[in-house]
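Asker: sequence unknown, structure follows:
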């Protein structure tokens, strides 16, 4: 299994380089747990979903605490058949999910969001979950939507994606649960996610 | 068939509202061909792939002609089983693709990129193509990668995505061809795409 993300942070300020550099400092605690490589368009992070989503959450929360409008785009992927197996990506949640029904996975996902830390930063997210190479992919998607609507972070459905709103702790836990608990445990699942904070046009 | 996109433009300048407003002016010629609705996180565009991708291209090209660093994120979707049928999204390329082999589709995609207009704006793109609900999805992905490598806009492969670089005309035609020619014509296909121009850290 290979698990990782391409992450891009977009501060809407002329001083964007400083904000990005500050945001990247929030990744310091994760450098020994994740492979992190930055190029001119995105930062690749590879590793197990616990440090992976925590690192992405902390990167965005640190930037969202500054006054400027900031957004972030993340492409998350697990189980892509074109990527090599990587033992550092091993994840107990996925291993256990192989024997769990959709209803059990929905309940465990809700428990995890309830237990998420409060980071004291309000954020908005919209995202799409893709279950690849699986004939019954829409059953998993609809199961995930049931979970999202009960998660406490659900804002609304949009064409092609779902809007979440809430504390960064609960919102990113919701994303991690959607990523890990839905779609086959050994399958290829991706998320296309955008986060936003301090938007002047918040509706 | 329902075809559309969620589009977000991110100018890395404190004057981002002005740049976004200017960019949206480039959409004026498309208002009678597409359904366009903007909220605080993205602009929904629904319609046939010809005006849809042209509108997204012109929006980004107009912003990229300004001196500031600007990026754009687009979630493209066709054939989502959760969306209603929409006759305005009808597309001849998809109708014909039902009877075309993968090799024929690769050749037609290359012809279309060769015929793309030159807009005089250099841009960078990275994107992922997702073929949903189809057991043999990786065959279509590998066919698409063959096309991309021959397209003249291919820069490099990255984990989870492919980098393109070139004139906005050729690059967006490459994206349109990837979106329409690969994956089942009647199937659910999405693209997660990020564009960038005037980056100070261009590598």
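Answerer: Ah, there it is. Just so it is clear, the model here is predicted, and its values are computed rather than measured.

Asker: surely residue A:36 meets residue A:27?
Answerer: Yes: under the criterion of CB atoms under 8 Å, residue A:36 makes contact with residue A:27 at 6.3 Å. In short, each C-beta sits where N, CA and C put it, glycine included.

Asker: list the residues that contact both of the two?
Answerer: By CB atoms under 8 Å, 6 or more residues apart in numbering or on different chains, residue A:36 and residue A:27 have these common neighbours: residue A:55.

Asker: list the residues that contact residue A:46.
Answerer: The contact partners of residue A:46, by CB under 8 Å, 6+ apart, come to A:2, A:3, A:4, A:34, A:35, A:52, A:86, A:88, A:89, B:159.

Asker: which residues touch residue A:85?
Answerer: Contacts of residue A:85 were listed using CB under 8 Å, 6+ apart, and they are A:1, A:2.

Asker: report the buried residues of stretch A:48-65.
Answerer: Within stretch A:48-65, the residues that qualify as buried are A:48-49, A:51-65, counting by 16 or more other CB atoms under 10 Å in any protein chain shown.

Asker: can you check stretch A:7-20 too?
Answerer: Going by neighbour count (16+ other CB under 10 Å), the buried part of stretch A:7-20 is A:7, A:8, A:9, A:10, A:11, A:12, A:13, A:14, A:16, A:19, A:20.

Asker: ditto for stretch A:37-49
Answerer: Residues A:41, A:42, A:43, A:44, A:45, A:46, A:47, A:48, A:49 are the ones in stretch A:37-49 that count as buried (16+ other CB under 10 Å).

Asker: give me the phi and psi for the closest residue to the fourth one other than its chain neighbours.
Answerer: Of all residues not flanking residue A:44 in the chain, residue A:37 sits nearest, at 4.6 Å (CB to CB, 6 or more residues apart in numbering or on different chains). The main-chain torsion angles of residue A:37 are listed as degrees, to the nearest 10 and equal phi -140, psi 120.

Asker: surely residue A:37 meets residue A:43?
Answerer: Yes: with contact defined as CB under 8 Å, residue A:37 reaches residue A:43; the gap is 7.0 Å.

Asker: what are the ranges of the helices in chain A?
Answerer: Along chain A, the segments classed as helices by DSSP state H run A:16-25, A:49-64, A:92-97, A:102-114, A:137-150, A:168-181.

Asker: what separation do you get for the most centrally placed residue in chain A and residue A:129?
Answerer: Relative to the mean C-alpha position of chain A, the nearest C-alpha, by CA atoms, centre = their mean, is the one of residue A:175, at 4.5 Å. For residue A:175, the distance to residue A:129 (CB to CB, to the nearest Å) stands at 9 Å.

Asker: overlap in contacts, those two.
Answerer: Common contact partners of residue A:175 and residue A:129 (CB under 8 Å, 6+ apart): residue A:191.

Asker: enumerate every residue touching the nearest residue to residue A:188 once chain neighbours are set aside.
Answerer: Excluding the flanking residues, the one nearest residue A:188 by CB to CB, 6+ apart is residue A:132, at 4.0 Å. With CB under 8 Å, 6+ apart as the criterion, the residues that contact residue A:132 are A:187, A:188, A:189, A:190, B:130, B:131, B:132, B:137.

Asker: with distance to residue B:170 added, can I get the residues you listed in CSV?
Answerer: Compiled in CSV, those are given as follows (distance: CB to CB, whole Å):
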residue, distance to residue B:170
A:187, 34
A:188, 29
A:189, 32
A:190, 26
B:130, 23
B:131, 23
B:132, 27
B:137, 26
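
Asker: what about the residues you listed, which one has the most neighbours?
Answerer: Scoring the contacts of residue A:132 on neighbours with other CB atoms under 10 Å in any protein chain shown, the highest-scoring entry is residue A:189 at 27 neighbours.

Asker: tell me the spacing between the spatially closest residue to it that is not a sequence neighbour and chain B.
Answerer: Beyond its immediate neighbours in the sequence, the residue positioned closest to residue A:189 (CB to CB, 6+ apart) is residue A:183, lying 3.9 Å away. Per CB to the nearest CB, to the nearest Å, residue A:183 is found 11 Å from chain B.

Asker: enumerate every residue touching residue A:183.
Answerer: Counting by CB under 8 Å, 6+ apart, residue A:183 makes contact with A:129, A:131, A:134, A:137, A:140, A:189.

Asker: one more time with 7 Å, if that's ok
Answerer: Residues near residue A:183 by CB atoms under 7 Å, 6 or more residues apart in numbering or on different chains: A:131, A:134, A:140, A:189.

Asker: of all the residues you listed, which comes closest to residue B:80?
Answerer: residue A:131 (12.6 Å; CB to CB).

Asker: gap between the closest one and chain B?
Answerer: When distance is defined by CB to the nearest CB, residue A:131 is 7 Å away from chain B.

Asker: report the helix or strand with the lowest average pLDDT across chain A.
Answerer: Confidence across the helices and strands of chain A bottoms out at helix A:16-25, with a mean of 84, counting by mean pLDDT, DSSP states H and E.

Asker: now do it: which elements does it pack against?
Answerer: In this structure, helix A:16-25 makes packing contacts with strand A:3-11, helix A:49-64, judged by 3 or more CB pairs under 7 Å, 6 or more residues apart in numbering or on different chains; DSSP states H and E.

Asker: work out the gap between it and the centre of the chain.
Answerer: In terms of CA atoms, centre = their mean, to the nearest Å, the centre of helix A:16-25 is found 20 Å from the chain centre.

Asker: can you give the contact residues for stretch A:186-197?
Answerer: For stretch A:186-197, with CB under 7 Å, 6+ apart as the criterion, the contacting residues are A:60, A:64, A:70-81, A:123-134, A:175, A:178-179, A:183, B:8, B:41, B:73, B:75, B:128, B:130, B:192.

Asker: could you rerun that using 6 Å?
Answerer: Outside of stretch A:186-197, the residues that reach it under the criterion CB atoms under 6 Å, 6 or more residues apart in numbering or on different chains are A:60, A:64, A:70-74, A:76-80, A:123-134, A:179, A:183, B:41, B:73, B:75, B:192.

Asker: returning to what we had before: between the contacts of residue A:46, which is nearest residue A:166?
Answerer: When the contacts of residue A:46 are compared against residue A:166 (criterion: CB to CB), the nearest one is residue A:52, at 20.2 Å.

Asker: how about the closest one, what does it touch?
Answerer: residue A:45.

Asker: how near is it to residue B:175?
Answerer: Using CB to CB, one obtains 28 Å as the distance from residue A:52 to residue B:175.
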